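Chemist: kindly generate the corresponding structure for this input.
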Amino acid sequence: MSNDEISSCASNDIRFVLVRTSHPGNIGAAARAIRTMGFARLALVAPHRFPHPDAVAMASGATGVLDDATVTPTLVDAVSDCTLVLGCTARARAVQLEELSPREAASRALAASAHGPVAIVFGNERTGLENDELMSCHAAVRIPSVEDFPSLNLAQAVQVLAYELRRTMLEGAPQSAGEAKSDPPATAEQLEHLFGHLAQMLDDIDFHKGRSPVTIMKRLRRLFLHAALDQREVRILRGIFDDAQRMARLAKTTDRSP
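Modeler: Numbering: from 1, shown residues only. As a prediction, the model looks like this:
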C-alpha cells in the first residue's frame, strides 16, 4: 500500500470534534484547517449557531466538510464508537490524564486508527473543555505555547493537530507499541458502561467507607484508560463486577437471616 493510500485510510478514521463552539466562523475556519491537511470528518457538539453563513465564508471552499459534519447534543454521543479520544487543553486540569504533545498525540492517534475511529476533541473558545468532558477522553493534548499567552484561536489549534497528523502519515504508518492484541480495542461507549458498572459495584460492596467516590473513580478511570483495554478485557472485568455484586447481595441476605 502506498503512502497516499495509507494516508487516505487513516484520515477517514480521524474525527475532529468541536464542543460548544460559540462562533460559527471558527467552525468554518476549522473545516478549512483540516481539509488542507487531507481530513474531512468534522463533528460538532451543541454548537451555538450552525449552520450559518459565517461558517461557509470562513471555510473558504471546504464547504464539503461542513455539509458532511455531524451534530450531536453531547460529547459522549459524538465519540461513542471511537477507540481513542484525545482532548486538547491549554492548561493543566484537576482531571488527571496522561498528557501528550501534539506530535505524540498524532503518533498515538494514527496507530489507534488501524483499529477504529479516533477523535481529537477541542472545547469552547472561551472556556475550553470542561472537566467532565475531559473525563470522556483517554489522554490530554497540550500545545507547548508560552506561559504568559498560552491560548490559541480554535482554528489555529485544530491546524496544529491536523498538521502533526499529516506529517506523521507522510513519514510512514506508525506501529502500535507493545504486544498486539487479537481483540479490537474497547470503544468509548463500552468504557463508559464499564465505568458506570464499576461505580455501582463499588457502592454495592460498600468499598468507599467514607472516602470520596468521585476521587476514587477519577483514579480508577485513569488506571483503566492507561491500560488500553480491548473488548474481551472489558467483558472479563464486567463479569468480575457481576460476581462481586452477586456475592454482596448474598451476604446481605445472609445477614438478614434469623
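
Chemist: all strands of the stretch 51-200 of the chain, in order?
Modeler: 70-72, 84-88, 99-100, 118-122, 139-141 (DSSP state E, counting those that start in this stretch).

Chemist: low-confidence stretches in the stretch 1-150 of the chain?
Modeler: Residue ranges of the stretch 1-150 of the chain with pLDDT under 70: 1-10, 92-95.

Chemist: where along it do the helices fall?
Modeler: Assigned by DSSP state H, counting those that start in this stretch, the helices in the stretch 1-150 of the chain fall at 3-12, 24-36, 53-59, 63-68, 75-79, 102-112, 131-134.

Chemist: the strands of the stretch 51-200 of the chain: which one's closest to Met201?
Modeler: strand 84-88 (23.6 Å; CB to CB). C-beta: built from backbone N, CA, C; applies to glycine.

Chemist: before we move on, back to that, and of the strands of the stretch 51-200 of the chain, who's closest to Ala29?
Modeler: strand 118-122 (11.9 Å).

Chemist: so which other helices or strands are in contact with that closest one?
Modeler: Helices and strands touching strand 118-122, by 3 or more CB pairs under 8 Å, 6 or more residues apart in numbering; DSSP states H and E, are strand 14-19, helix 75-79, strand 84-88, helix 102-112, helix 154-171.

Chemist: select, out of the helices of the stretch 1-150 of the chain, the one closest to Ser182.
Modeler: Nearest of these (CB to CB): helix 102-112, 16.1 Å.

Chemist: and that closest one, how far from the chain's centre?
Modeler: How far helix 102-112 lies from its chain's middle: 12 Å, per CA atoms, centre = their mean, to the nearest Å.

Chemist: using neighbour counts, pick out the buried residues of stretch 195-211.
Modeler: Using 16 or more other CB atoms under 10 Å as the test for burial, stretch 195-211 gives 195, 197-199, 201-202, 204.

Chemist: same list (these) but as TSV, adding distance to Leu225 and pLDDT.
Modeler: Shown next, in TSV, are the buried residues of stretch 195-211 (distance: CB to CB, whole Å; pLDDT from 0 to 100):
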residue	distance to Leu225	pLDDT
Phe195	9	96
His197	15	97
Leu198	12	97
Ala199	15	95
Met201	18	95
Leu202	17	95
Asp204	23	93
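
Chemist: can you tell which of the helices and strands packed on strand 118-122 is closest to Ala139?
Modeler: Comparing the helices and strands packed on strand 118-122 by CB to CB, strand 84-88 comes nearest, at 5.6 Å.

Chemist: can you tell me the strand partners of the closest one and which way each runs?
Modeler: Sheet pairing of strand 84-88 (DSSP bridges) gives strand 118-122 (parallel), strand 139-141 (parallel).
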